[in-house]
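Peer 1: Have a look at this prediction, sequence included:
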Amino acid sequence: MKYVSTRGGGEEVSFETACLAGLAPDGGLYTPVSYPQIAPPSAGESYLSIASRVLGAFAGDTISPDTMATLVERAYGSFAHQSVTPLFQVGPDRWLLELHHGPTLAFKDVAMQIIAQIYDHFLTQRGERLTVLCATSGDTGGAAAAAFAGLTSVDVFILHPFGRISPIQRRFMTSTGADNIHNFALDGDFDDSQAIVKSLFRDEAFRNEVRLSGVNSINWTRIAAQSVYFAAAQSALGTDRNLRFVVPTGNFGDALAAYVAARCGLLNGLELVSAVNANRTMVDLFAEGQLKKRSAIATHSPAMDIALPSNAERLLYEVMGRDAAKLKAFYDGFGQSGEAELDAQAKGALSCSGIRALSIDDTETAAEMKRLFAETGTLQCPHTAVASAGARAYPTQSVDVILSTAHAAKFPETVEEIIGELPLLPKRSEAFLQRDEVFERLPNDLFAVREAIQQRIKAS
């Protein structure tokens, strides 16, 4: 398997290079030269088996099948449910795909746990050490901290927007007690943090100096790992059944993973709703073919408070006919004027992608949380409620699979305010509340972040 940048710079690279690099040197995102065709899961096939086959197809000859199976077993051995991502029925032909049974109670664990194992495998073989840098709107940071904590091959630096994630989300990334995990709380919003990450990746001298890598959903391995649970859901509910996936959307990584699963032949077609909150970038993109610069709006669902979803770039690369020059011109224009519009061909391809987007506001989110509690007796996080409300807004003849992306206990203040009941952390997560938090407050400034990373690396 070979990978290429969406911006067209550089040569084709291996899975190992794409994985460890994260972002391509030209600022583009790595994507496969062609999608592998993977046999759909058989009835009763375990999640570990499905993950081994799917990730093995993307890894190609860089990881042997036996080694991949071992890495997958290590990655998911700590999950609280043996099915890893079980389905929970909430109505006739209506299911929640629960993605919060990992160590930090969010869907990011599913990808991050296996990424850490793959990184450690490659770096141990090479005898090398890398610096992992990621921005987080809430869950990626905690998942990365938990997955990489204590590994001797990696230093992890996490940027999060100060005061714009829940206290529980923050504790998952600041209370590991591991010396190789470093946390910076930045003024501004997630998009500001993500912009700094991208700028540091474009700084070739800095990138080489600290041996920089990234595990945000800009990293292709995240997308590959997330495509597995879509395939597992299709298998569990019937390979011949038409499923509609409804995805709470922030950086568009989960929605893109469903698209990838369909392209690889793992789904019975693609019908997908990308449900966003008040941050309507994807709605405008699908409805009008326009990308517009705007500031992120704080909502009940903070992990989705993203104004410029990175993984939209990978989808636009596909709908532009994989024309890297056209895509680069599109984003260059956006960078200069703050807006860009797709041409007629790309708009047509986007409308035929099998994906639609809609926006759910905070009032609708709160109402859906109450409705789910009344119907099922379960507390659901606000992000899951955004997707569930989106599913109700557009009835379908297909079986609805709604992604439940986080445990309600990650957002106790919001859930208690809306439902009147305080969700409790599972006992396996209580240790995070007992440890001291360690993080440093920094201004929203590229040079301040770069200097702080350099100082930490020199001291380690």
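Peer 2: Received it, and whenever you're ready, just let me know what you need.
Peer 1: Quick one: end-to-end length of stretch 161-172, please.
Peer 2: The first residue of stretch 161-172 is 15 Å away from its last residue (CA to CA, to the nearest Å).
Peer 1: And it, what's buried?
Peer 2: By 16 or more other CB atoms under 10 Å, the buried positions in stretch 161-172 come out as 161, 162, 164, 165, 166, 168, 169, 170, 171, 172. All C-beta atoms are positioned from the backbone trio N, CA, C, and that covers glycine.
Peer 1: Give me the mean pLDDT for stretch 126-136.
Peer 2: Stretch 126-136 carries an average pLDDT of 92.
Peer 1: Stretch 89-99 now?
Peer 2: Rounded mean pLDDT across stretch 89-99 is 97.
Peer 1: now swap in stretch 351-367 and tell me
Peer 2: 97.
Peer 1: Tabulate the CA atom coordinates of it in PDB.
Peer 2: What follows is stretch 351-367, C-alpha atoms only, in PDB (Å, rounded to 0.1, in the frame of the first residue of the first chain):
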ATOM      1  CA  SER A 351     -24.100  15.600  -3.700                       C
ATOM      2  CA  CYS A 352     -23.800  12.000  -4.900                       C
ATOM      3  CA  SER A 353     -21.400  10.900  -2.100                       C
ATOM      4  CA  GLY A 354     -24.100   9.300   0.000                       C
ATOM      5  CA  ILE A 355     -23.400  11.900   2.800                       C
ATOM      6  CA  ARG A 356     -25.700  14.700   3.900                       C
ATOM      7  CA  ALA A 357     -25.100  17.300   6.700                       C
ATOM      8  CA  LEU A 358     -27.500  19.000   9.100                       C
ATOM      9  CA  SER A 359     -27.200  21.200  12.200                       C
ATOM     10  CA  ILE A 360     -28.700  20.600  15.600                       C
ATOM     11  CA  ASP A 361     -28.700  23.500  18.100                       C
ATOM     12  CA  ASP A 362     -28.400  23.400  21.900                       C
ATOM     13  CA  THR A 363     -32.100  23.500  22.500                       C
ATOM     14  CA  GLU A 364     -32.600  20.500  20.200                       C
ATOM     15  CA  THR A 365     -29.700  18.800  21.800                       C
ATOM     16  CA  ALA A 366     -31.100  19.200  25.300                       C
ATOM     17  CA  ALA A 367     -34.500  18.000  24.200                       C
END
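Peer 1: Contacts for that stretch next, please.
Peer 2: 249, 255, 259, 262, 269-278, 280, 282-283, 285-287, 299-301, 315, 318-319, 368, 382, 385-386, 389-390, 393-394, 418 (CB atoms under 8 Å, 6 or more residues apart in numbering).
Peer 1: hmm, back to that, just the buried residues of stretch 161-172: which are in strands?
Peer 2: Here DSSP state E is the test, and the buried residues of stretch 161-172 give residue 161 as lying in strands.
Peer 1: where do the helices sit along the stretch 101-250 of the chain?
Peer 2: Here the stretch 101-250 of the chain has its helices, by DSSP state H, counting those that start in this stretch, at 108-126, 139-148, 167-174, 190-202, 204-210, 220-237.
Peer 1: now the helix or strand containing residue 388 and helix 139-148, what's the angle there?
Peer 2: Using DSSP states H and E, residue 388 maps to helix 382-393. Angle of helix 382-393 versus helix 139-148, following axes from the mean of the first three to the mean of the last three CA atoms, to 10 degrees, is 130 degrees.
Peer 1: ok now helix 382-393, how far from the chain's centre?
Peer 2: Here helix 382-393 is found 18 Å from its chain centre; the criterion is CA atoms, centre = their mean, to the nearest Å.
Peer 1: Could you list the buried residues of it?
Peer 2: Buried, per 16+ other CB under 10 Å, within helix 382-393: 382, 383, 384, 385, 386, 387, 388, 389, 390, 391, 392.
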